[in-house]
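**Student:** Below are the sequence and a predicted model for it; my questions follow.
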Amino acid sequence: MAFILCIGIFFSSWLGTILLGIGEWMIKRLPLVKHIYSASKQVSAALNPENEATKAFQECVLIRHPRIGEYAFGFITGRTSLRVGSSPEDVRLCTVYVPTNHVYVGDIFMLEEKDVIRTNLSVREGLEVVISVGMAVPKTLHAHNA
């Protein structure tokens, strides 16, 4: 226990911060590891509720999945446009991340905005629902339009 405390104090100091920076720089130089490290660092930053700067999860939403009459919690992570053929109008799509196993593993769906059901849940509340395996679902969910 004392060892862990000492390690924590050391890496909180300026010397520890420099050593961590050097270690991170070395990891980012390794060919395969740098991609895995960068992706895992982005995911952990996105899931950290204290980190308001990332805003990786923009909204907590519901989608109809996997069949009609069943719904899944998801998180909007981005928006894009899809141009189909020579059509003059773009289709507006939402990128929705649906956790399937805890929060780190999931599926990504590109859905038309009309197929995304917006809820009254904040991202933090949505994460609580996922992490609690559904035990934190409020008694009533309110859907609203964008």
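**Tutor:** In hand now; what should we look at?
**Student:** Residue 128 is in contact with residue 136, correct?
**Tutor:** Yes. Assessed by C-beta atoms under 8 Å, residue 136 is found in contact with residue 128 at 4.5 Å. C-beta here means a position set from N, CA and C on the backbone, and glycine is covered the same way.
**Student:** So which elements touch the lowest-mean-pLDDT helix or strand in the chain?
**Tutor:** Lowest on mean pLDDT, DSSP states H and E among the helices and strands of the chain sits helix 33-47, with a mean of 76. On a contact count with 3 or more C-beta pairs under 8 Å, 6 or more residues apart in numbering; DSSP states H and E, helix 33-47 meets helix 14-29.
**Student:** And the strands in this protein?
**Tutor:** Assigned by DSSP state E, the chain shows strands spanning 59-64, 71-82, 91-101, 105-112, 117-119, 143-144.
**Student:** Tell me which of those strands sits nearest to residue 26.
**Tutor:** Nearest of the strands of the chain to residue 26, taken as C-beta to C-beta: strand 105-112 at 27.8 Å.
**Student:** Now the weakest link among the strands of the chain, please, by mean pLDDT.
**Tutor:** Of all the strands of the chain, strand 143-144 carries the lowest average pLDDT, namely a mean of 84.
**Student:** Can you give the strand pairings for that one, parallel or anti for each?
**Tutor:** Partners of strand 143-144 in the sheet, by DSSP bridges, are strand 117-119 (antiparallel).
**Student:** State the distance from the nearest residue to residue 66 once chain neighbours are set aside to residue 125.
**Tutor:** Counting by C-beta to C-beta, 6 or more residues apart in numbering, residue 66 lies nearest to residue 72, which is 7.6 Å off, once chain neighbours are set aside. Distance of residue 72 to residue 125, given as C-beta to C-beta, to the nearest Å: 16 Å.
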